[in-house]
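Peer 1: have a look at this prediction, sequence included:
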There are 2 protein chains.
Amino acid sequence: MKVNIPEVSKPRVVIVGCGFGGIELAKKLEGHDVQVVLIDKNNFHTFQPLLYQVSTAGLEADSIAYPIRKIFKKHRNFHFRLGEVKRIAPEQKFVETSIGIINYDYLVIATGTTTNFFGIEGLEQLSMPMKTVVEALNLRSLILQNMEKALLTSDLHEQEALMTFAIVGGGPTGVELTGALCELKKHVLPNDYPELDLRRMRVILVESGDDVLQNMAKENRDKSKEYLKELGAEIWLNTRVIKYDGTNIETFSGKGLKSANLIWTAGVKGVIIDGLGAESIQRSRFVCDEFNRVKGYDNVFAVGDVALQTHEEQYKNGHPQVAPVAMQHGQLLAKNILNLIAQKPLEQFKYWDKGSMATVGRNRAVVEVGKLRFGGFFGWVTWMGLHLLMLVGFRNKVVVFINWIWNYINYDRNIRLIIRPYNRKES
Amino acid sequence: MKVNIPEVSKPRVVIVGCGFGGIELAKKLEGHDVQVVLIDKNNFHTFQPLLYQVSTAGLEADSIAYPIRKIFKKHRNFHFRLGEVKRIAPEQKFVETSIGIINYDYLVIATGTTTNFFGIEGLEQLSMPMKTVVEALNLRSLILQNMEKALLTSDLHEQEALMTFAIVGGGPTGVELTGALCELKKHVLPNDYPELDLRRMRVILVESGDDVLQNMAKENRDKSKEYLKELGAEIWLNTRVIKYDGTNIETFSGKGLKSANLIWTAGVKGVIIDGLGAESIQRSRFVCDEFNRVKGYDNVFAVGDVALQTHEEQYKNGHPQVAPVAMQHGQLLAKNILNLIAQKPLEQFKYWDKGSMATVGRNRAVVEVGKLRFGGFFGWVTWMGLHLLMLVGFRNKVVVFINWIWNYINYDRNIRLIIRPYNRKES
């Protein structure tokens, strides 16, 4: 059955996914002679860089989620549909979705990534990923539930496992989450749990490689480790997790750890939709040419994390899977789709790397822009300012800003609510 | 197994439930020579009067939920435990809970009420109650999901059922929810769903009695109906729902209605804990004397909605089940427990009715205080001011206030997010 969408005499661009890439693309197509159909399984855009603050009770979900219909409320020829795309039929030019069939003239895959557990035993069932709002809320519930449980036991080993937080993956997400948990330990939990000896709470960042933040300069990597240690985190490098049973973490080197809280931020993979030829997929990403066209197709494109472009010498293994790439993809592809329709030549993608940054805690962040590197309070303010700028919607910017000011002044995280208790899918 | 709580040589007061009554009581016991143990199945206090704004995308859950541990962070001899009480053993003076056994010297039942479906066919499975944060969030999801579904169907009857909202129960909650849904229809949904003909969306308040807001004066009842009609609501009085199958609402008078959204606010019943004698329970409430002592027991008390006191001539069928009663119960019982311990005479409860109010929409509320009755903009501002005052925590007051100002200026409801889709438990 066809999904109920007005049929008009304009070319239809179907965009799958409402992340940074999909949204930029749809925005830039506004006012042009195309019909845009956006489909996502959520009715909101998620600002993923701040998910970790939802997990650690600093922000509520509504501050980093923004209703898609609100973003596009003034757009004409725009249609959002809530659903999930199951399969692409490139010959017949339609996608099969959970709500029916949608025809396209141009299809853009902007599905992003999902957590990659690499098939490691126990992880998918028992560790906590943090890629979606629901996962972030589940993680928040689990952290608070385990603190409550720690109060109830008089078995010291059990209590230690409940109060040990192992964050696996030394990328920005892992580093930021580690910092935020240390701050909870330092400023918030002592008020909430005077009965617990919080010196025994451990926050451990576990990384399989030999350093954290591997896309940054050594200077900043060192600085971020120093910040983490100041906040009381342990850092385990060259430590690969090979098994987890809900309490015991086994590592390749044999070093073990008891933790009821394994947070997995150590890998992602592209969200692949079935239906395209095998040659168009590599390492869970859609192989694209310099115009974001998926290999083997004229009218199927991919943008953002799920797109693999290798035409730039500097990024011959593909671009980093970060928001700025997705946004730049979306912006250029809007132009190129219009060029295609107008039969004009296409413009080649060139990534403009504006730099990268990570925050560890109050007054502690590392930033690098080109050859410029800085940190400390100034880095932290820069990090906050840029994240506020990138947040979608003026209201969300205001709400997040107020929460940050509040938390900064009061050393607090207000939203320590277990709205829906998390029950692990025990295997 | 005993729950891990320090044993001290002070009398232990165990309070079950963290509503208005439980919190007031615990607060007033601070600084006195008792140990207070508070147990609740949530780790937060819910400000129920504003739940309807969570359902209608005006407020996020964190604005009306407040962490219990934060309320009591400066209290000594205070212990919160997250769990559910299953049974009281009055002879042995302990309660059996989901986390183990807790002894008490004094037990206070402050469990409040839950939705009463009166055994009406289909209601429990298929209608939406709105007594908890999770239920309010589920309702929000369902409303938005059904609007999304309405877009997808070309069957006009199905579409109408999806866009018809039947609110059953003409009390303050029903009236306030009806008003809020009308405002969504008027100001927000037209932007979100330009493809839908929203004139066909219906908001119907269904009441089995012959008027809404039956605890208020006729003048105010008439005014609130006028407000509701101005906003576009239909009001069906003398209409009793007898069956619901998820689409068809059957009523006693034979008048039928197709609606995929039946919101049930038409009845509550006390949350009874097992273990006390049959003579201590009447109409799902614990029968109490004028000191809130449950009939037949010296050291078991009940406060708030679950307590049934009939000693006041004006309230010989029991007090109204509203927050002010619970708060006054809690305040007085704190004194009386201390009096008991000090072997002083007890003070009799006397309800001080400060009045009642209900809001229908922007600039539209009805208020009565003693013989004074007013409404309109002034009533609405009064309603807002008093609710802000009653909200727990300065941060929540600020967040709610900002949201209200924002929504007022922008005619908006920002939080139209389906964070977790709601799946009905189809029978």
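Peer 2: All right, it came through fine. Residues are numbered from 1 along each chain as shown, chains lettered A, B, ... in the order given.
Peer 1: run a quick neighbour tally on residue A:265.
Peer 2: Residue A:265 has 25 neighbouring residues, counting by other C-beta atoms under 10 Å in any protein chain shown. From N, CA and C alone the C-beta is placed, and that goes for glycine too.
Peer 1: again, but for residue A:33
Peer 2: There are 13 residues near residue A:33, going by other C-beta under 10 Å.
Peer 1: repeat that for residue A:99.
Peer 2: 20.
Peer 1: ok now do the residue lying closest to residue A:255 once chain neighbours are set aside, which residues does it touch?
Peer 2: In space, residue A:255 comes closest to residue A:239 once its chain neighbours are excluded; the distance is 6.4 Å by C-beta to C-beta, 6 or more residues apart in numbering or on different chains. Applying C-beta atoms under 8 Å, 6 or more residues apart in numbering or on different chains, one finds that residue A:239 lies in contact with A:206, A:207, A:208, A:251, A:252, A:253, A:255.
Peer 1: from residue A:49, how far out is the second one?
Peer 2: Pointing back at residue A:207 there. 20 Å (C-beta to C-beta, to the nearest Å).
Peer 1: chain B contacts on the stretch 251-400 of chain A?
Peer 2: The stretch 251-400 of chain A comes close to chain B at residues A:393, A:395, A:398, A:399, as judged by C-beta under 8 Å from any C-beta of the partner chain.
Peer 1: tell me the one of those nearest residue A:18?
Peer 2: Checking these against residue A:18 by C-beta to C-beta gives residue A:393 as the nearest, at 13.5 Å.
Peer 1: domain-wise, how is chain A divided?
Peer 2: Domain assignment for chain A by automatic domain parsing gives A:12-41+A:83-115+A:269-341, A:123-266+A:355-410.
Peer 1: any idea how far residue A:265 lies from residue A:222?
Peer 2: For residue A:265, the distance to residue A:222 (C-beta to C-beta) stands at 21 Å.
Peer 1: ok, residues contacting stretch A:95-103?
Peer 2: A:1-3, A:5, A:12, A:14, A:16, A:37, A:39, A:41, A:81-89, A:93-94, A:104, A:107, A:273, B:152.
Peer 1: among those, name the buried ones.
Peer 2: Neighbour-count burial (16 or more other C-beta atoms under 10 Å in any protein chain shown) is assigned, among those, to A:3, A:5, A:12, A:14, A:16, A:37, A:39, A:41, A:81-83, A:85, A:88, A:93-94, A:104, A:107, A:273, B:152.
Peer 1: show me the helices in chain A, by range?
Peer 2: A:20-29, A:51-55, A:61-64, A:68-71, A:123-126, A:133-152, A:156-162, A:172-183, A:189-192, A:218-230, A:323-341, A:376-390, A:394-410 (DSSP state H).
Peer 1: mean pLDDT added to those helices, as TSV?
Peer 2: Shown next, in TSV, are the helices of chain A (pLDDT from 0 to 100):
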stretch	mean pLDDT
helix A:20-29	98
helix A:51-55	97
helix A:61-64	94
helix A:68-71	96
helix A:123-126	95
helix A:133-152	97
helix A:156-162	96
helix A:172-183	97
helix A:189-192	94
helix A:218-230	96
helix A:323-341	97
helix A:376-390	94
helix A:394-410	91
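Peer 1: out of those, flag the one nearest residue A:287.
Peer 2: helix A:323-341 (14.3 Å).
Peer 1: residues contacting the nearest residue to residue A:65 once chain neighbours are set aside?
Peer 2: Nearest residue to residue A:65, sequence neighbours excluded (C-beta to C-beta, 6+ apart): residue A:44, at 4.2 Å. Residue A:44 is in contact with A:18, A:65, A:66, A:67, A:68, A:133, B:417, B:418, B:419, counting by C-beta under 8 Å, 6+ apart.
Peer 1: if you set the cut-off to 10 Å instead, what comes out?
Peer 2: Residue A:44 makes contact with A:18, A:61-62, A:64-71, A:133, A:392, B:415-419, according to C-beta atoms under 10 Å, 6 or more residues apart in numbering or on different chains.
Peer 1: returning to that earlier point: quick one: which of the residues of the stretch 251-400 of chain A next to chain B is nearest residue A:179?
Peer 2: Looking across these and measuring by C-beta to C-beta, the closest to residue A:179 is residue A:399, at 21.8 Å.
Peer 1: isn't the closest one up against residue A:58?
Peer 2: No. Applying C-beta atoms under 10 Å, one finds residue A:399 not in contact with residue A:58, separated by 11.9 Å.
Peer 1: do you know how far residue A:39 is from residue A:45?
Peer 2: 13 Å.
Peer 1: which neighbours do these two have in common?
Peer 2: Contacts common to residue A:39 and residue A:45, judged by C-beta under 10 Å, 6+ apart, are A:17, A:18, A:22.
Peer 1: and the contacts of residue A:44, which are buried?
Peer 2: Buried among those by 16+ other C-beta under 10 Å: A:18, A:61-62, A:64-71, A:133, A:392, B:415-419.
Peer 1: ok, back up a step: bridging residues for the residue nearest to residue A:65?
Peer 2: residue A:67 (DSSP bridges).
Peer 1: next one, pLDDT for it please.
Peer 2: If you check residue A:44, the pLDDT there is 98.
Peer 1: next one: residue A:253
Peer 2: pLDDT for residue A:253: 89.
Peer 1: what values do phi and psi take at the residue nearest to it when sequence neighbours are not counted?
Peer 2: Once flanking residues are discounted, residue A:253 sits nearest to residue A:239: 6.2 Å by C-beta to C-beta, 6+ apart. In terms of degrees, to the nearest 10, the main-chain angles of residue A:239 are phi -120, psi 110.
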